[in-house]
Structure formats: structure tokens, C-alpha cells
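**Q** just need the structure, nothing else, for what follows:
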Amino acid sequence: MNEMSFFEKYRQYQDFAFADYFRSLGDGDIQRIIQKDRLSELDYLALLSPAAEAHLEEMARRAHGLTVRHFGRSILLYTPIYLANHCVNRCVYCGFAVHNAIPRTRLTLEEVAAEAQLIAATGLKHVLILTGESRKHSPVSYIKDCVGVLKKYFSSIGIEIYPLEEEEYRELVDAGVDGLTLYQEVYHPAVYDRLHPAGPKKNYAFRLDAPERACRAGVRTVNVGALLGLHDWRSEAFFTGLHASYLQNKYGHLEVSISPPRMRPHGGDFEPVEKVRDKNLVQYILAYRLFMPRGGISLSTRESAFLRDHLLPLGITKMSAGSCTAVGGRCQPEAASQFAISDERDVPAMVDMLYRQGYQPVFKDWQTL
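**A** Residues are numbered from 1 along each chain as shown. Predicted coordinates:
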């Protein structure tokens with residue numbers, strides 16, 4: 001077995017002179033890259049550069065064409081379901097962090113079923129389950145029990161939980177999990193260390209290699225990303241794209257996606273290190289689509305309804321709908337949220353928007369056996 005991990009790919013660019021490379025680019029370079037059928041890693045980086053900002057319209061036309069060619073005019077709809085908010089980490093940017101004084105709770109299996117019934121009534125068949133990062137309060141055995149409840153209602157169950165060992169991922173896959181979402185949060189190791197002062201999440205390498213452990217365990221879909229606002233967005237977008245490309249090339253059966261989440265108001269007092277503007281987000285999405293024509297792009301309710309509607313034709317393939325970031329928040333509206341969502345539209349409103357824009361909402365594209 002090839003034992004290379006993504007960290008070795010990261011190290012190839014760890015000391016790369018990003019600013020010097022960006023200064024070397026001109027309009028002709030960007031125009032040439034946009035027309036290429038296959039982009040190199042440095043081509044992708046060039047499309048993330050300041051020089052490429054003047055070419056977003058041309059990039060958008062090409063990105064739209066590539067998306068329609070590979071995905072048609074369809075958008076997969078999903079929603080998150082928060083099982084617990086207990087956490088042992090001290091991530092400075094998260095509302096669930098252990099030092100934040102919020103009510104802590106964990107759903108009973110009966111409460112999981114109640115949430116599932118409300119979600120299923122909307123027609124959604126894909127869910128993403130989340131917990132805070134606490135093995136004590138949300139052990140794998142508990143998550144597996146919740147999956148046992150949820151698979152009665154949904155055809156696809158993804159997890160966004162603390163990183164697991166390969167055998168633990170395999171245990172959840174056997175129970176009915178088919179997808180993994182795991183954000184590295186920030187790819188720069190020194191910045192990562194500073195933003196995670198205590199807790200198991202401080203282990204950068206264990207988190208970085210978790211998606212690959214899940215791949216070996218048999219998941220069908222993997223979604224990676226960096227939380228934009230924690231560090232320079234251009235380099236973080238670059239490494240996210242490299243991570244997705246690495247996984248897709250090594251595990252050909254895999255459906256690989258990225259998410260480009262931006263910082264949102266949360267229960268702590270941490271302010272973004274860098275303001276990531278709408279224009280920056282657009283450039284990231286377009287550059288990734290040209291680099292990864294078959295890669296999925298998931299856009300969550302962190303973004304506004306207005307922006308999500310306008311980003312839709314640029315390469316988006318998955319969107320959350322009817323979201324709630326509080327544990328049991330659909331049954332208990334007063335529950336504490338991990339962060340504030342921006343697009344509060346329910347599922348019928350999202351479906352109506354998609355039809356009006358000429359897109360087909362997809363409720364189910366997979367059935368776990």
C-alpha cells in the first residue's frame with residue numbers, strides 16, 4: 001500500500017513563495033490558464049491570485065459550462081442535525097468550545113427520532129450529523145446508535161464529528177454512514193497550533209489524515225475545507241483544493257467535495273483574522289471548479305439567501321436547506337447554536353428558488369443498503 005499521506009503533498013508547498021508567484025503573473029497568464037482543458041496545481045493557484053480578479057466573468061462562463069457538463073442543472077439538498085454540543089477543545093473561534101458558558105446537552109434516541117421525523121416530513125433524504133468533539137459524551141457507540149435511528153428515515157447519512165481511527169470509521173460505515181465532512185479549519189500548521197491551544201483537536205496531523213482513514217474504511221463521499229477568515233484565504237483555498245485533488249486521484253471511486261465556509265457570528269469573542277469578501281468567495285469557487293471539473297462544491301446556510309442564489313450557477317452542486325445549528329433545535333427553538341446561520345429559508349422555499357432558476361432539486365441520489 002502506498003503510505004504517502006496528504007501531509008507530504010502539503011510539505012511540497014509549505015515554504016512556497018506565494019507573494020512572489022502572484023507578482024509574476026500577468027493578464028496573459030490568466031487568460032491562457034482559463035482556456036486550458038486540464039489545470040496544474042500552479043495553474044489553480046494562479047486563478048486564486050490577485051491578477052485573476054480582473055477575469056472573474058470569463059472564469060464564471062467557463063465554470064458554469066463545466067458544471068452543467070458534469071453535473072447537469074441539479075442541486076443535491078441536505079440538512080445538518082446536531083446530536084450533541086459537549087466539547088473538550090478550546091478552539092478560539094467556535095461557539096461550542098469548552099470555555100464558552102453555554103448549556104450542554106445530548107439528544108436521546110427518542111429525541112433523535114423526533115428531529116428525524118420533522119426533517120423527513122420536508123422530503124429531504126440526505127442528512128449530516130454533527131457532535132461536539134467529546135469522546136466521553138458522544139462516543140462512537142452513541143453515534144452508531146443514532147445512525148441506527150436515522151437510517152429508518154434517510155437514504156444517506158454523513159458525519160461531521162471528531163476524527164476517528166480507521167477501524168472506528170469502518171464501524172460507522174458498517175452501521176450505515178456513507179459520507180464524511182471534516183474541515184481541517186486551517187492548513188497552516190503554526191496558525192493551527194495557535195488557534196487550538198488545548199484539547200485533542202490540537203493534533204494537526206491526526207486531523208489532516210482523518211479523511212484518508214475514512215476513505216480506506218469505505219465511505220462513499222468526502223467533503224473537506226478550511227474555515228475562511230482564520231488565515232490568508234488564497235493559500236487556504238489552494239491547500240483545500242490540493243487536498244480534494246489528492247483524495248480524488250488516490251481513491252478513484254470517491255465522490256469528493258469541498259466547502260468554502262466563512263466565519264459567522266458565534267458564542268465566543270474571536271474575530272476573523274482576515275475579512276473574506278464576497279468577491280473572494282466567488283473567485284475561490286470559480287478557480288476550484290476550473291481545477292476540479294468533477295469535484296463537488298457544497299454551499300451552506302452560513303451564506304445569505306441573496307448570495308447563495310447568485311452563486312448557484314457558478315459551480316455549486318450541493319446546498320443545505322432548513323438548517324439548524326442547535327442541538328435539538330427543531331424541537332426546542334431555545335437551544336444554543338454553534339454559530340448564526342444567514343439563510344433561514346425552509347425546504348419549500350429552497351425548492352421554489354431552484355425551480356425558478358431552472359435547476360432540479362435532488363432529494364435522493366443514494367441508498368445505503
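**Q** CA atoms for contacts and neighbours, from now on please.
**A** Will do.
**Q** next SSE after the helix or strand containing residue 225?
**A** Element membership of residue 225 [criterion: DSSP states H and E] is strand 221-226. Counting by DSSP H and E, the next helix or strand C-terminal to strand 221-226 is helix 233-250.
**Q** where do the strands of the chain begin and end?
**A** In the chain, the strands defined using DSSP state E lie at 74-82, 126-130, 156-160, 179-185, 221-226, 255-259, 296-299, 318-320, 360-362.
**Q** mean neighbour count, mean pLDDT and distance to residue 32 added to these, as TSV?
**A** Formatted as TSV, these follow (neighbours: other Cα atoms under 10 Å; pLDDT from 0 to 100; distance: least, Cα to Cα, whole Å):
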stretch	mean neighbour count	mean pLDDT	distance to residue 32
strand 74-82	23	95	30
strand 126-130	23	96	39
strand 156-160	23	97	39
strand 179-185	23	97	32
strand 221-226	24	98	27
strand 255-259	24	97	25
strand 296-299	23	97	24
strand 318-320	22	96	29
strand 360-362	17	96	33
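**Q** ok, which of these comes nearest residue 93?
**A** Closest approach to residue 93 among the strands of the chain is made by strand 179-185 (10.0 Å; Cα to Cα).
**Q** neighbouring strands - and their directions - for the closest one?
**A** strand 156-160 (parallel), strand 221-226 (parallel) (DSSP bridges).
**Q** distance to residue 49 added to these, as a markdown table?
**A** Shown next, in a markdown table, are the strands paired with strand 179-185 (distance: least, Cα to Cα, whole Å):
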| stretch | distance to residue 49 |
| --- | --- |
| strand 156-160 | 31 |
| strand 221-226 | 18 |
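**Q** ok, which of those comes nearest residue 48?
**A** For the strands paired with strand 179-185, the distance to residue 48 is smallest for strand 221-226, at 14.9 Å, taking Cα to Cα.
**Q** pull the residues that contact the closest one.
**A** With contacts defined as Cα atoms under 8 Å, 6 or more residues apart in numbering, strand 221-226 is touched by 178-187, 211, 215, 236-237, 240, 243-244, 254-261.
**Q** got a list of what the residue positioned nearest the centre of the chain touches?
**A** When the chain is reduced to its mean C-alpha position, the nearest residue by Cα atoms, centre = their mean turns out to be residue 259, at 3.5 Å. Residue 259 sits next to 223-226, 297-300 when contact means Cα under 8 Å, 6+ apart.
**Q** and the closest residue to residue 97 other than its chain neighbours, how many residues sit next to it?
**A** Nearest non-adjacent residue to residue 97, counting by Cα to Cα, 6 or more residues apart in numbering: residue 90, 5.1 Å away. Residue 90 is flanked by 21 other residues according to other Cα atoms under 10 Å.
**Q** tell me if I'm right that residue 90 and residue 194 touch.
**A** No - the criterion here is Cα atoms under 8 Å, and residue 90 misses it with residue 194 at 10.6 Å.
**Q** how far out from the middle of the chain is stretch 31-49?
**A** Chain-centre distance of stretch 31-49: 23 Å, with Cα atoms, centre = their mean, to the nearest Å.
**Q** sweet, I'm off.
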